[in-house]
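Participant: The following comprises the amino acid sequence and a computationally predicted model.
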Amino acid sequence: MNNLDLCYLPATDILQRYHEKSLSPVEVLTAYIERSEQVKNVVNAHSHEFFDQALDQAKKAEQKYLKGKHTRKLEGLPIAIKDETLVKGMPCTNGSLPLKNYIADATSIENERLLNAGAIIHARTTTPEFSCAGYTHSKLWGVTRNPWNPEFTPGGSSGGAAASLASGTTAVATGSDIGGSIRIPASACGLVGFKPPYGRNATESPFNLDTYCHTGPLARNVSDTILLQNIVSGPHSQDIASIKPKLTLPKQYSNIKGWKIAFSMDLGLFEIDPEVRHNTLETIEILRSLGAIVDEVELNWPKDVLQAGIDYLDHFFGVSIDSFVKEHGNLMTDYAVEFAGRASQSSAEKYFHSIKVAGEMYNQFGPLFDRYNLFICPTNGLAAVHAEHDQSRDTIQINGKTVDPLLGWVLTLPFNMMSRCPVISMPSGRTIQNVPTGVQLVGAAYQDKDVFRAAMAIENARGAWYTSAKNRPEIII
């Protein structure tokens, strides 16, 4: 196996080979380090790298395997974590220049679980400033680019995580999703990303009380997504919203023959690029070839769904940034300042209306699951925007129509509004510009296993990405 094949080896295979003693944690980490050096000037996925420290940890893990000692579930597996979550003693910048020297004095619940499982954090991944955009660039870390086509964004806000996975510089990665920040980059980079239902994965206050906010895994295939989700999920004593008991996802699933699946191309609200439409319909045909019945349905949602969702984000998320802008605004990006500025226009009335709209949406969406096992739609209406896109000044057009530059080009926010629905984004194809596209598989409230069952069936039928040179990005170094 050459080093590039090793860089794209599934995490589940890596761990199996560790136990077989046919591969060592030092070999794997060394391959990622070499790959990171090769692609960093093109992709720019990592904000921080801890290679020396990680190598020391890999050597200790290697000895455990060689000597047959007890090993934990992720022992020696390199993981890249989003640069907004905390690890005590490590930097955490949130992509913000004023935080360039901040060192965490605590460890986030998710990262604590990963470390306790034996994972090795070798890198932190780039984000837009305070994770308030669907692309990834900042004054602090520059522009992160899509490994499939560097002219385009890898998405955001977990864009560095997606770019790291797609360029072969980590085994798995973590993300967070408050308006699509796991699913947007998963789609744009040809990955699997999971937005768990609210409360499934414990997190810290105050955002554990924000129903739009979810932490979750990004990976190159469904099995690796399950592997990581089973580590980070479960209740925690510090999170009152976390759900008991812990749900452990199965590794294997039966087929979906006879399933009934509801489908909408645009949710009745969004413009869809023709290539996204084509790739989505191809995925629908795969489902039908597997014996599923797929029906197109009409969602009579309120026409102001997107604005209602953005109003909620302004009210809760925007105000949390606004306090920072008042002190450091001159050092911050235009898009973060603009996003925070909208918080001043928020009101209790707008906030209540956003809650009311979300309720009206599920009043119609929930009963679909009395007749259907699953719902499917595109993830991004446009495969990706350009890498330097700035929502505070730039416009986006789809089908000749101008859409909201923040979240009007993606179909993710409605499922943060209906936050108890589990959602997986997985690849559906690529565009003529070689940018991946994705579909969202949406389950009924808290029915996580259903979306994984369907995702596994699609992946088994179509084949996982990144398994050979023909389905990996060709990064010109």
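Facilitator: Yes, it's here.
Participant: first to last residue in stretch 69-83, what's the distance?
Facilitator: This stretch, stretch 69-83, spans 33 Å end to end (CA to CA, to the nearest Å).
Participant: How far does stretch 387-405 sit from its chain's centre?
Facilitator: Distance of stretch 387-405 from the chain centroid (CA atoms, centre = their mean, to the nearest Å) equals 21 Å.
Participant: distance between the ends of that stretch?
Facilitator: Taking CA to CA as the criterion, the two ends of stretch 387-405 lie 13 Å apart.
Participant: What average pLDDT does it get?
Facilitator: Mean pLDDT, stretch 387-405: 98.
Participant: repeat for stretch 41-60
Facilitator: Stretch 41-60 comes out at a mean pLDDT of 98.
Participant: can you pull the buried residues of it?
Facilitator: 42-51, 54-55, 57-58 (16 or more other CB atoms under 10 Å). Glycine gets a C-beta too; all of them are placed from N, C-alpha and C.
Participant: Can you tell me the closest non-neighbouring residue to residue 59?
Facilitator: Of all residues not flanking residue 59 in the chain, residue 26 sits nearest, at 5.9 Å (CB to CB, 6 or more residues apart in numbering).
Participant: Compute the number of surrounding residues for that neighbour.
Facilitator: Neighbour count of residue 26, defined by other CB atoms under 10 Å: 18.
Participant: List the residues that contact it.
Facilitator: 55, 58, 59, 62 (CB atoms under 8 Å, 6 or more residues apart in numbering).
Participant: Now do the same contact list for the first one.
Facilitator: Residues in contact with residue 55, defined by CB under 8 Å, 6+ apart, are 26, 29, 30, 33.
Participant: and the residue lying closest to residue 84 once chain neighbours are set aside, what does it touch?
Facilitator: If the residues on either side of it in the chain are set aside, residue 84 comes closest to residue 94, at 5.0 Å by CB to CB, 6+ apart. Applying CB under 8 Å, 6+ apart, we find residue 94 in contact with 83, 84, 127, 129, 130, 131.
Participant: could you redo the last one with a cut-off of 10 Å?
Facilitator: 47, 82-85, 102, 127-132, 138, 140, 157, 321, 324, 336 (CB atoms under 10 Å, 6 or more residues apart in numbering).
Participant: Now stretch 300-311: buried residues?
Facilitator: In stretch 300-311, counting by 16+ other CB under 10 Å, buried: 301, 302, 305, 306, 307, 308, 309, 310, 311.
Participant: Would you list the phi and psi of residue 192?
Facilitator: Dihedral pair for residue 192: phi -100, psi 130, per degrees, to the nearest 10.
Participant: Next one: it relative to residue 308, how far apart?
Facilitator: 29 Å (CB to CB, to the nearest Å).
Participant: now the helices: where do they sit in the stretch 251-400 of the chain?
Facilitator: 274-289, 305-313, 319-328, 334-341, 348-365 (DSSP state H, counting those that start in this stretch).
Participant: Name the residues of the fourth one that come out as buried.
Facilitator: So that's helix 334-341. Those would be 335, 336, 337, 338, 339, 340, 341, for helix 334-341 by 16+ other CB under 10 Å.
Participant: The third one touches residue 321, doesn't it?
Facilitator: So the one you mean is residue 337. Yes. In this structure, residue 337 is within contact of residue 321 by CB atoms under 10 Å, at 8.7 Å.
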